[in-house]
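Trainee: Curious how this folds, go ahead:
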Amino acid sequence: AELLLFAASRAQNTATVIVPALDAGHVVLCDRYTDSTLAYQGYGRGLPLDTLRAVNAVATSGLTPLRTFLFDLPPAVGLSRQSPDAQDRLDRETLAFHERIHHGYKDIARAAPERFVVLSATHEPDAVFAALLAAVLPLLPQP
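Mentor: Sure, this is the predicted structure:
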């Protein structure tokens, strides 16, 4: 059920927000997209990756990001940084779950090095933001 709910949400967002923005010539930045499905439902929950890829292809009409920025952070560090009031049920999963997701994202990034920019998120927020900005700015249209 979780997979289908995320896929339905992604399909609606792709059709009503992302594709129209791209058609209008805009740059689109997403917090998460199809790689999240592979990492969370595939590596985290153990669902078959081929099935997830097929569901993603239908949900997005085959739309694939040109660039993906992966903020690499050891799961234990990430969990220690979250608010004690975290309400997201995925954030409340076990460390082992988050380690599987982390491993999944790294595998996905290794399989598509032309698309992924892996940024260390172990630094102070300002340094992480500066690294992201340095990687993003050359990709944006210049006035």
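Trainee: low pLDDT regions in this structure?
Mentor: 86 (pLDDT under 70).
Trainee: repeat that for 90
Mentor: 1-3, 78-94, 139-143 (pLDDT under 90).
Trainee: Show me the strands in it, by range?
Mentor: 68-72, 116-120 (DSSP state E).
Trainee: hmm, who's touching the last one?
Mentor: Contacts of strand 116-120 with the rest of the structure, by CB atoms under 8 Å, 6 or more residues apart in numbering, involve 67-73, 108-109, 128, 131-132, 135. (C-beta placed from N, C-alpha, C; glycine too.)
Trainee: Then the first one?
Mentor: Strand 68-72 has contacts (CB under 8 Å, 6+ apart) with 33, 35, 105-106, 109, 112, 115-122, 128, 132, 135-136.
Trainee: buried subset of these?
Mentor: Neighbour-count burial (16 or more other CB atoms under 10 Å) is assigned, among the contacts of strand 68-72, to 33, 35, 105-106, 109, 116-119, 121, 128.
Trainee: Which one of those is nearest to residue 97?
Mentor: Residue 97 lies nearest to residue 105 out of these, by CB to CB, at 13.0 Å.
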